[in-house]
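S.K.: From the sequence below, what's the structure:
(one chain, ligands or ions: 2)
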Amino acid sequence: NLVPMAEILKKANKEGYAVGGFNINNLEFLQGIIEAAEEMNSPLILQTSEGAIKYIGIDYVIGMVEAATKNTTIPVALHLDHGSSFEVVMKCIRHGYSSVMIDGSHYPFEENVRLVKKVVEAAHSVGVSVEAELGKIGGTEDNVSVDEKDATYTDPDEAVEFVERTGVDALAIAIGTAHGVYKGKPELDFDRLTDIKSKLDMPLVLHGASGVPTEDVEKAVKLGINKVNVNTDFQQAFTERIKEIFDEKPDLYDPRKYCGPGRDAIKAKVKEKIKMLGSQNKA
Ligand SMILES: O=C(COP(=O)(O)O)N(O)CCCOP(=O)(O)O
Ligand SMILES: [Zn+2]
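M.R.: Numbering: from 1, shown residues only. Ligands and ions are numbered 1, 2, ... in the order given. Now for the predicted structure:
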């Protein structure tokens with residue numbers, strides 16, 4: 001009872017909201033995220049990076065997500081985040097993922113096109129959705145210089161050609177966000193987003209949303225972002241709550257006593273994000 005991400009994002013694009021691409025790192029992340037989405041009656045894209053799959057184990061990912069979605073009332077996709085190769089993508093598809101990202105953004109354009117095209121053919125043949133990336137969403141960089149912007153941010157005309165030649169369902173674009181904790185305030189290139197959306201009326205993805213001011217994410221959604229990836233904010237919510245617990249009770253040793261409150265902190269943060277994205281009651 002997983003759904004293809006394309007279905008979820010098509011509706012979001014049509015109705016002008018965004019859906020969270022929320023990363024899971026363990027049991028408590030999965031439980032906190034799915035409970036929040038169910039209570040908010042929101043569609044949900046659960047996603048695992050390759051690092052998370054290594055940490056959890058792909059059979060556990062599938063088993064936990066199956067348990068989490070067995071009786072769910074909301075549409076849920078299970079998505080591979082930042083897939084690095086055709087082989088990893090195929091492994092996830094074989095295990096039952098309903099969506100995959102193949103991230104060829106660090107390759108030259110033609111190489112990115114070739115790799116993504118190959119993944120789209122394989123994935124679409126079995127009803128699995130595909131996300132790709134054009135432009136560089138780096139690690140945490142601050143004040144990118146202007147010419148660097150043109151070198152790393154998504155070029156609107158290239159984006160049109162990329163989508164036409166690959167057939168991807170969703171495109172991750174670089175407009176000033178970065179993964180992880182920002183050093184300075186991220187400045188999003190809203191004009192570039194507007195330009196890309198005017199040329200490509202399709203689901204667009206914003207990576208690195210943790211630490212971006214709420215009003216900027218809301219503006220990006222208004223301008224056509226339909227999937228927003230969040231990981232670090234949930235990791236920090238989980239960790240900060242656990243630190244608070246240990247400050248109060250340093251001798252705790254039962255993980256349920258601190259991972260439970262950590263889970264609750266994730267759940268509360270997810271509800272905030274769902275409100276920000278406008279996907280409440282859109283299930
Ligand atoms: O865009 C995002 C989220 O970025 P954010 O953490 O800045 O919110 N992602 O794709 C999450 C990437 C997580 O990768 P890893 O598990 O290797 O750390
Ligand atoms: Zn990302």
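S.K.: from what I can see Ser42 touches Ser279, true?
M.R.: Yes. Using Cβ atoms under 8 Å, Ser42 makes contact with Ser279 at a distance of 4.4 Å. Bear in mind the C-beta positions are built from the backbone N, C-alpha and C, glycine included.
S.K.: between those two, which one's more packed in?
M.R.: Taking neighbours as other Cβ atoms under 10 Å, Ser42 and Ser279 compare with Ser279 leading, 28 against 25.
S.K.: Now for that one: which residues touch it?
M.R.: Ser279 makes contact with Ala12, Tyr17, Ala18, Val19, Gly20, Met40, Ser42, Pro43 under the criterion Cβ atoms under 8 Å, 6 or more residues apart in numbering.
S.K.: Can you tell me the number of residues neighbouring the fourth one?
M.R.: The one in question is Val19. Val19 has 27 nearby residues by other Cβ under 10 Å.
S.K.: Give the bridge partners for it, please.
M.R.: On the basis of DSSP bridges, Val19 is bridged to Lys227.
S.K.: got the residues of the stretch 101-250 of the chain near ligand 2?
M.R.: His207, Asn229 (Cβ under 5 Å from the ion).
S.K.: Run through the strands of the stretch 101-250 of the chain in chain order.
M.R.: Ranges of strands in the stretch 101-250 of the chain, per DSSP state E, counting those that start in this stretch, are 129-134, 170-173, 204-206, 225-230.
S.K.: So which of those is nearest ligand 1?
M.R.: Nearest to ligand 1, of all the strands of the stretch 101-250 of the chain, is strand 225-230, at 3.2 Å by Cβ to the nearest ligand atom.
S.K.: and the closest one, what's its mean pLDDT?
M.R.: Averaged across strand 225-230, pLDDT comes to 99.
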